[in-house]
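**Q** return atomic coordinates for the entry below.
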Amino acid sequence: MNRKIYFCGSIRAGCQDRELYLRMIEKLQSYGQVLTEHVFYNIKDPSMDGMIPNPVTGKVKSDKEIHDGDVTWLDESSVVVAEVTQPSLGVGYEIGRAVNMNKKILCLFRSADTDKHLSCMIQGAHNDSTFIVKHYKEEEVPAILKEFFDKL
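**A** Predicted structure coming up:
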């Protein structure tokens with residue numbers, strides 16, 4: 001399978017969701033290569049506080065290195081899956097770039113598990129074809145992913 005998946009979720013503000021992100025990445029791997037999986041494995045240690053070490057040097061990457069690398073992976077991807085429950089400027093930026101690149105996008109929001117409200121800019125972009133927004137509970141993720149990827 002040649003499909004390349006760009007998974008994004010809040011890193012600096014969403015550290016409490018790290019384990020959820022890792023479970024989602026595991027499920028996504030059955031649909032293709034998750035280009036960003038190592039980002040979430042690298043931040044598994046809460047003491048890292050969103051800092052991402054360079055896999056070769058072990059040094060923390062600069063903001064510019066993170067941005068440029070992520071945009072390259074985004075460009076290489078065929079689809080974007082975004083966990084959007086934790087508000088994140090970075091995830092919003094990635095979604096906006098993905099829209100501009102004409103990527104198929106799935107946004108997942110845990111409305112039942114939070115008192116937060118999804119941004120109108122994300123919910124309002126839902127169009128049932130290239131931009132899908134799903135309110136979910138974690139146990140529903142496998143079925144949501146299957147439906148999304150079956151339609152590609």
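**Q** what sits against the residue nearest to Gln29 when sequence neighbours are not counted?
**A** Spatial nearest neighbour of Gln29, excluding adjacent residues (CB to CB, 6 or more residues apart in numbering): Glu37 at 7.4 Å. Heads up, the C-betas are built off the backbone N, CA and C, glycines and all. By CB atoms under 8 Å, 6 or more residues apart in numbering, the residues touching Glu37 are 7, 25, 29.
**Q** which one of these has the most neighbours?
**A** Counting neighbours by other CB atoms under 10 Å, the top entry in the contacts of Glu37 is Phe7, with 23 neighbours.
**Q** do a quick rundown of the strands in this protein.
**A** Taking DSSP state E to define them, one finds strands in the chain at 4-9, 33-34, 79-83, 104-109, 131-135.
**Q** returning to that earlier point: redo the contacts of Glu37 as JSON lines? Include distance to Val60 and pLDDT.
**A** Listed next are those as JSON lines, based on distance: CB to CB, whole Å; pLDDT from 0 to 100:
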{"residue": "Phe7", "distance to Val60": "21", "pLDDT": "97"}
{"residue": "Ile25", "distance to Val60": "22", "pLDDT": "96"}
{"residue": "Gln29", "distance to Val60": "26", "pLDDT": "96"}
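**Q** closest to Gln16 among those?
**A** Ile25 (16.5 Å; CB to CB).
**Q** I figured that closest one was touching Phe40, is that so?
**A** Yes - between Ile25 and Phe40 there is a contact at 6.1 Å, judged by CB atoms under 8 Å.
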